[in-house]
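*Asks:* Requesting a structural model of the entry that follows:
(2 chains)
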Amino acid sequence: MRESRESGGRGQDRGRKKQYKKKFLFRKKKFCKFCDEKIKFIDYKDVRLLQGFTPERAKIFPRRISGTCSKHQRKLMQAIKRARILALIPFTAD
Amino acid sequence: MLQYEAVFIAEPAHTDEEIDELLKGYEQIVNSAGGKVLKVEKWGKRRLAYSIGHHEEGIYVLMTLECPAGLIKELDRRLRMNERIVRHMAVRVESELQLGPSPMMKPRPERDDTLGEPSMAP
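*Replies:* Sure thing, here's the model as predicted:
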């Protein structure tokens, strides 16, 4: 087992990737909303936009689920935190 | 000269005149230090997302200003000293400087409209 894994190396990895792809063939590709809409700057005053990224428990929507790119996720985080300070959006859902 | 955005939340008990007076005071401070108030926006009474000092509502005011770096400290101090101001925040704006109306001033789409339209239609 171990030997084959070592010798297989990349080839096997690629095989696994294919399998993975097949499994999730019907999953929609995620994309960064901000890159897509060319929003350069995320405003902390835009409550409606921010609320879309703080669902239910009012936690910040993680990147791995929302698909936001890291650059925009950082800016989004900053905006959400500012909006929270101003009581525009909640810190927690009560 | 740097550009800042300051938002403060005043107690809901303020009357419109009192808010204007407050603003006039702050504008004077800014002007006397060689700064300039670029925009003032009153968002009016809004519900707070969480209660601050037993207040459930607050009167929001946004000021966009241009001033030397030291002044914002003074403004910040004054806002903190005023006990009738529940919360305040001043942040630097650079390329994000917006002189047009902020998203807060946009009328609420959809919900209000859809409620209004059917009743208006025959």
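
*Asks:* biggest helix in the chain by residues?
*Replies:* I went with chain A, as the question did not name one. For chain A, the helix with the greatest residue count under DSSP state H is helix A:70-85.

*Asks:* That was the other one, I meant chain B.
*Replies:* Longest helix in chain B, counting by DSSP H: helix B:16-32.

*Asks:* quick one: buried residues of it?
*Replies:* Of all the residues in helix B:16-32, those buried under the rule 16 or more other C-beta atoms under 10 Å in any protein chain shown are B:22-23, B:26-27, B:29-30. (Each C-beta comes from the backbone N, C-alpha and C, glycine too.)

*Asks:* Just checking, which helix or strand succeeds whichever strand or helix holds B:S51 along the chain?
*Replies:* Taking DSSP states H and E as the definition, B:S51 sits inside strand B:36-52. Following strand B:36-52 in sequence order, the next helix or strand is strand B:55-67 (DSSP H and E).

*Asks:* partners of that next one in the sheet?
*Replies:* strand B:2-10 (antiparallel), strand B:36-52 (antiparallel) (DSSP bridges).

*Asks:* which of those is buried the deepest?
*Replies:* Ranked by mean neighbour count, the strands paired with strand B:55-67 are led by strand B:2-10 with a mean of 21 (mean count of other C-beta atoms under 10 Å in any protein chain shown).

*Asks:* Now do that strand against helix A:70-85, angle only.
*Replies:* 40 degrees (axes from the mean of the first three to the mean of the last three C-alpha atoms, to 10 degrees).

*Asks:* which residues are contacting strand B:2-10?
*Replies:* A:86-87, B:19, B:22, B:38, B:48, B:52, B:58-69, B:72, B:75, B:79, B:84-94, B:97 (C-beta atoms under 8 Å, 6 or more residues apart in numbering or on different chains).

*Asks:* picking up where we left off before, the longest helix of chain A near chain B at all?
*Replies:* Yes: against chain B, helix A:70-85 shows contacts by C-beta under 8 Å from any C-beta of the partner chain at A:82, A:84-85.

*Asks:* got those as TSV, with distance to B:L2, neighbour count and pLDDT columns?
*Replies:* TSV is the format used below for the residues of helix A:70-85 next to chain B (distance: C-beta to C-beta, whole Å; neighbours: other C-beta atoms under 10 Å in any protein chain shown; pLDDT from 0 to 100):
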residue	distance to B:L2	neighbour count	pLDDT
A:R82	18	20	94
A:R84	24	20	94
A:I85	20	15	94
